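> sharing a model that was predicted from the sequence below.
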Amino acid sequence: MTAIRHGCAGGLAALRGAGTRFPDPENNGRGRLARMLVDLGPTFVKGGQLLSTRRDLLAPEVCDTLAQLYDRVPAMRHEEAEGAVRRAYRTANALPFAEFDWTPVASGSIACVYRARLHDGRQVAVKVRRPGISERMRADFALLAAGARMMEWMPGMRKVPARRMVTQLGFAVLRQLDLAAEATALAALRGNLTGLRYFRIPEPLREVSGDGVLVMEYVPGLGRFGPGEMTREERRELIRRVLHGVYQMLFLDGLVHCDMHPGNLYLTRSAEVVLLDAGFVVPLESHVKRLFAEFFLNMSMGRGKECAEVVLRSSEHVPPGADLDSFRAGIRDLVASAHRRTAGQFRLAPFATKLFDLQRRSGIAAAPEFVFPLVSLLVLEGMINELDVDVDFQAEAIPTLLTALRR
Ligand SMILES: Nc1ncnc2c1ncn2[C@@H]1O[C@H](COP(=O)(O)OP(=O)(O)O)[C@@H](O)[C@H]1O
Ligand SMILES: [Mg+2]
């Protein structure tokens, strides 16, 4: 119904972003698209957020609109939040909090975050899942999956991998409902990155968490400040720190935060990097981690021939008659065009699209696991460019890559 009210046609035209103009300039297609997704509910908000990273598929203005969905969700009502917290601790004698501020610090589509104090005086952040959200999102996905099955039968739609898209989206979105899994992922990331003293990941406090309530150490002083408020050197140093953390996750630990947008990755004035929200953290299988590292290292060194071999080894299926010569030549050109590029001179989405095109044209089936490292970097790319377009992100990776590949 919501979609009908907002006008599906407007939403779809906005998605295509083909410069469509709507009669009412205030109520333009993109604003309408954002409102429609918010009204449709959390499944669609999360879906929109994920789609916002697909700059290879959607027009830039549409991606910008979808990216704004991060902060636009109204908070839970006080009674609703208090009810959820009380239910989470119903089997305990009392709540673990001495004080609880019911004005949320932030409100997302799945949960709201509050500030509280434990009985021992520690200040904590409390992430409270919205009541009823799990049932609602599961129902949405069942519906979407049915819709996708139907779509694949419709003339002209058979080539759209609607079902695969819904499954992938569902995997990423539904796992964010599980706050206990999030606590485990947060602890694992925190353990992995302890060696980087400028990285800060809040400690989950599982002994005082409840069902649908994640309690963690509170990180004070999180705020956004514009790149203009830092010197060039400060920005450069911060971005190096971010990159080293990310490269460690990708190439050494094989546990990757796939949602490093500015609402989850904060840079502080004391040049710390604060990483929050382990709702979308994905383990990489060791062969995926290794192949990704090999590809990245060869690319950083401009070795296109080796890159092509890595892609071939990573592929799920190479058909007998595949034209491997033109595939290899294509990869060599692609790598040559990317080698020695700084962050500002490189765009990941077109690069990945060309890579997939080359594979498709030769009938080579890419392994689906590589989508997660890509998503992780795609989400981060905007922030890197905002901070320092000149950073040599390939050279910065080499020390970590060499360590990883020596193992
Ligand atoms: N440990 C924390 N300390 C301080 N602020 C936090 C903490 N955890 C979350 N927040 C605040 O709450 C916001 C939302 O938290 P997050 O875990 O990203 O939830 P969501 O899954 O809804 O995105 C963050 O952007 C941050 O402003
Ligand atoms: Mg978040």
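That came through fine. Quick caveat, the model's predicted, so the values are computed rather than measured. Ligands and ions are numbered 1, 2, ... in the order given.

> what does the stretch 201-350 of the chain have sitting close to ligand 2?
Contacts of the stretch 201-350 of the chain with ligand 2, taken as CB under 5 Å from the ion, map to 263, 264, 277. Just so you know, the C-beta spots here come from the backbone N, C-alpha and C atoms, and that holds for glycine as well.

> minimum pLDDT in those residues, which residue is that?
Least confident of those in the model: residue 263, at 84.

> number of nearby residues for it?
Neighbour count of residue 263, defined by other CB atoms under 10 Å: 17.

> so for stretch 173-186, mean pLDDT?
Rounded mean pLDDT across stretch 173-186 is 93.

> excluding chain neighbours, what is closest to residue 96?
Computed as CB to CB, 6 or more residues apart in numbering, the closest residue to residue 96 that is not its neighbour in sequence is residue 208, at 4.1 Å.

> from residue 183, how far out is the one you found?
11 Å (CB to CB, to the nearest Å).

> which residues touch the residue nearest to residue 96?
Applying CB atoms under 8 Å, 6 or more residues apart in numbering, one finds that residue 208 lies in contact with 96, 118, 124, 215.

> same question, residue 110
With CB under 8 Å, 6+ apart, residue 110 has these contacts: 42, 46, 129, 130, 133, 137, 176, 177, 279.

> in helices only, show me those residues.
42, 46, 133, 137 (DSSP state H).

> neighbours of the second one, how many?
Neighbourhood size, residue 46 [other CB under 10 Å]: 24.

> quick one: it and residue 111 touch, right?
No: distance between residue 46 and residue 111: 11.7 Å, which falls outside the contact criterion (CB atoms under 8 Å).

> what sits closest to whichever residue of the stretch 51-200 of the chain sits closest to ligand 2 if chain neighbours are left out?
At 5.8 Å from ligand 2, residue 108 is the closest residue in the stretch 51-200 of the chain, using CB to the ion. Spatial nearest neighbour of residue 108, excluding adjacent residues (CB to CB, 6+ apart): residue 73 at 6.0 Å.

> swap in residue 356?
Residue 356 sits nearest to residue 366 (CB to CB, 6+ apart), 6.3 Å away.

> in the protein, which residue sits closest to ligand 2?
Using CB to the ion, residue 277 is the residue of the chain that sits closest to ligand 2, at 3.6 Å.

> for that residue, which non-adjacent residue is spatially closest?
Ranked by CB to CB, 6+ apart and with sequence neighbours excluded, the top spatial neighbour of residue 277 is residue 264, at 4.2 Å.

> tally of neighbours for that neighbour?
Neighbours of residue 264 (other CB under 10 Å): 17.

> what's the spacing between it and residue 176?
Distance of residue 264 to residue 176, computed by CB to CB: 12 Å.

> quick one: low-confidence parts of the stretch 51-200 of the chain?
Residues of the stretch 51-200 of the chain that meet the criterion pLDDT under 70 lie in 53-57, 70-72, 156-162, 165.

> the strands in it, which residues?
97-107, 111-118, 123-129, 199-200 (DSSP state E, counting those that start in this stretch).

> okay, now residue 362: neighbour count?
Around residue 362 there are 20 residues (other CB under 10 Å).

> element containing the closest residue to it other than its chain neighbours, please.
Nearest non-adjacent residue to residue 362, counting by CB to CB, 6+ apart: residue 327, 4.2 Å away. Element membership for residue 327, per DSSP states H and E: helix 324-338.

> list the buried ones in that helix?
For helix 324-338, the neighbour count (16 or more other CB atoms under 10 Å) marks 327, 328, 330, 331, 332, 334, 335, 338 as buried.

> re the thing from before, deepest-packed of the strands of the stretch 51-200 of the chain, please.
strand 123-129 (a mean of 23; mean count of other CB atoms under 10 Å).

> check the offset of that one from the chain's centre.
Between the centre of strand 123-129 and the centre of its host chain there is 21 Å, according to CA atoms, centre = their mean, to the nearest Å.

> and it, what does it pack onto?
helix 78-88, strand 97-107, strand 111-118, helix 179-192, strand 213-217 (3 or more CB pairs under 8 Å, 6 or more residues apart in numbering; DSSP states H and E).

> what's the angle between the longest one and helix 78-88?
Translated: helix 179-192. 80 degrees (axes from the mean of the first three to the mean of the last three CA atoms, to 10 degrees).

> now swap in the shortest one and tell me
Between strand 213-217 and helix 78-88, the angle comes out at 90 degrees (the same axes, to 10 degrees).

> now do strand 213-217, average pLDDT.
Strand 213-217 carries an average pLDDT of 98.

> can you list the domain ranges for this protein.
Following automatic domain parsing, one finds the domains of the chain at 2-71, 74-220, 222-407.

> can you list the ones you listed in JSON lines and add distance to ligand 1?
What follows is the domains of the chain, written out as JSON lines (distance: least, CB to the nearest ligand atom, whole Å):
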{"stretch": "domain 2-71", "distance to ligand 1": "7"}
{"stretch": "domain 74-220", "distance to ligand 1": "2"}
{"stretch": "domain 222-407", "distance to ligand 1": "3"}
